[in-house]
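Visitor: Here you go, sequence then predicted model.
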Amino acid sequence: MKKKHLLATIAWAFAGSAAFASPADDVMAPDIEKGEREFEVAYGTDRSDAGKYESALALSFGAGISERWATELGVEFERARGEHMKYGGIEWENRLGLIIDEDAPVALSLLVGFERPRERAEGWSSTLGLLSETTVGRFLVNANLLVERNWDVDAEDEGDEGEEEDEDHDPGAADRADDDAEARTTLGYQWQVLYRHSHRIYYGVQGMGEMGQWDDWAERDEQEHRIGPALFGRIKHAGGQRLNYTAGLLFGVTDATPDYTLRLKLEYEL
C-alpha cells in the first residue's frame with residue numbers, strides 16, 4: 001500500500017463534510033498518518049438549468065492523533081442565489097483505523113462524524129460510514145458507504161394545518177410526525193477510481209449520491225447521483241511541507257441532482 005500513500009493523502013483532504021448535500025464534499029479516504037497536521041480550504045458550487053445554485057466554503061484543521069485515530073474540526077459557510085456568504089454550521093469528524101497494515105490488500109476505516117447547523121431548527125446530524133481503499137496496478141479505488149441520521153429536528157412549522165386536522169382524529173399524530181422528522185436516517189455512497197500518472201499528478205473519475213431513507217429508498221428521479229472527472233496534484237517543499245490541490249466537476253444524472261457541481265480544494269500538510 002506504500003505505492004498509494006501519496007494519492008491517499010491527497011484524497012483525504014477535507015474528506016467531505018459529514019452531511020451528504022454540501023457542494024464542497026469530496027470522496028473520503030481511510031488512511032491515517034500519526035503526527036500529521038493539515039489545514040484545508042474547500043469550495044464547491046452547484047448549478048442547474050433552472051438558474052438555481054448553491055455555494056459552500058469549508059475551512060478545517062485535522063490531525064493524526066495515533067496510528068488508528070485521525071480527527072478533524074471544520075466550519076462551513078454557504079450561499080444561495082441572491083444572498084451573501086453566511087455561516088452554515090460546524091462539524092467534527094473522526095476516522096478510526098480498522099485495517100491499517102500497509103501490506104494488506106485493502107485499507108478500511110470507520111468514519112464517525114457530527115454536525116451542528118447554524119439553523120437550530122435543523123437539529124443535529126451524525127454520520128457513520130465505512131471507508132475502503134485498494135490498489136490495482138497503477139489504479140487506486142475507493143468505495144465508501146455512509147449512513148446519516150438527523151435528530152432533534154423542529155417539525156412544528158412543517159404541515160401545521162395538516163397536523164391540526166390529524167389531531168382531531170388522532171391526538172398523537174403531531175407527536176409521531178415530530179418523531180419521524182427526528183428519526184430520519186439517510187443512506188449515501190462515494191467512490192472513485194484514480195490513475196497514478198506520475199508522483200505529482202493523478203486523475204480519474206468520482207461518483208457520490210444519496211438514495212433516501214435507508215430502509216425505504218426514494219424513487220429513482222428523487223435520488224441524488226453525481227459522476228465526473230477529477231484531478232489531483234501535489235507540490236512538496238524543501239522543509240517537508242506539502243501543498244495538495246484537487247479539482248473536480250461532477251454531473252447530475254437524476255432530476256433531483258444539480259446539473260453540475262464544481263469543486264476546488266487546497267490542503268497544506270505539516
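Guide: That came through, no problem. Being a predicted model, the structure only gives us computed values, none of them experimental.
Visitor: what's the neighbour count on residue 35?
Guide: Residue 35 sits with 10 neighbouring residues when counted by other C-beta atoms under 10 Å. C-beta: built from backbone N, CA, C; applies to glycine.
Visitor: no, scratch that, I was asking about residue 220
Guide: Neighbourhood size, residue 220 [other C-beta under 10 Å]: 12.
Visitor: before we move on, what about residue 51?
Guide: 7.
Visitor: residue contacts, it?
Guide: Applying C-beta atoms under 8 Å, 6 or more residues apart in numbering to residue 51 gives the contacts residue 81.
Visitor: which element is it on?
Guide: Under DSSP states H and E, no helix or strand contains residue 51.
Visitor: Let me see the confidence value for it.
Guide: pLDDT, residue 51: 70.
Visitor: again, but for residue 150
Guide: pLDDT recorded at residue 150 is 87.
Visitor: right, and it touches residue 127 too?
Guide: No - the pair residue 150 / residue 127 is not scored as a contact, 10.4 Å apart, by C-beta atoms under 8 Å.
Visitor: who's more crowded, those two?
Guide: Legend: neighbour count by other C-beta under 10 Å for residue 150 and residue 127, higher for residue 127 (22 against 19).
Visitor: Let me know the secondary structure of that one.
Guide: Classification of residue 127 using DSSP: H, G, I helix; E, B strand; the rest coil returns strand.
Visitor: I'd guessed it sits against residue 94; true?
Guide: No - with contact defined as C-beta under 8 Å, residue 127 does not reach residue 94; the gap is 10.2 Å.
Visitor: Pull up the overlap in contacts between the two.
Guide: Residues touching both residue 127 and residue 94 (C-beta under 8 Å, 6+ apart) are 111-113.
Visitor: For the residues you listed, pick the one with the most neighbours.
Guide: Within the shared contacts of residue 127 and residue 94, residue 113 tops the neighbour count with 24 neighbours, counted by other C-beta under 10 Å.
Visitor: Do you know the pLDDT at that residue?
Guide: With respect to pLDDT, residue 113 has a value of 96.
Visitor: could you dump the shared contacts of residue 127 and residue 94 to a markdown table with secondary structure?
Guide: Formatted as a markdown table, the shared contacts of residue 127 and residue 94 follow (three-state DSSP):
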| residue | secondary structure |
| --- | --- |
| 111 | strand |
| 112 | strand |
| 113 | strand |
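Visitor: Among these, pick out the one closest to residue 258, please.
Guide: The closest of the shared contacts of residue 127 and residue 94 to residue 258 turns out to be residue 113 (C-beta to C-beta; 22.7 Å).
Visitor: Dig out what the closest one forms beta bridges with.
Guide: Per DSSP bridges, the residues bridged to residue 113 are residue 93, residue 127.
Visitor: Quick check: residue 45 vs residue 56, distance?
Guide: 8 Å (C-beta to C-beta, to the nearest Å).
Visitor: what's the overlap in contacts for those two?
Guide: Contact criterion C-beta under 8 Å, 6+ apart; residues shared by residue 45 and residue 56: residue 23.
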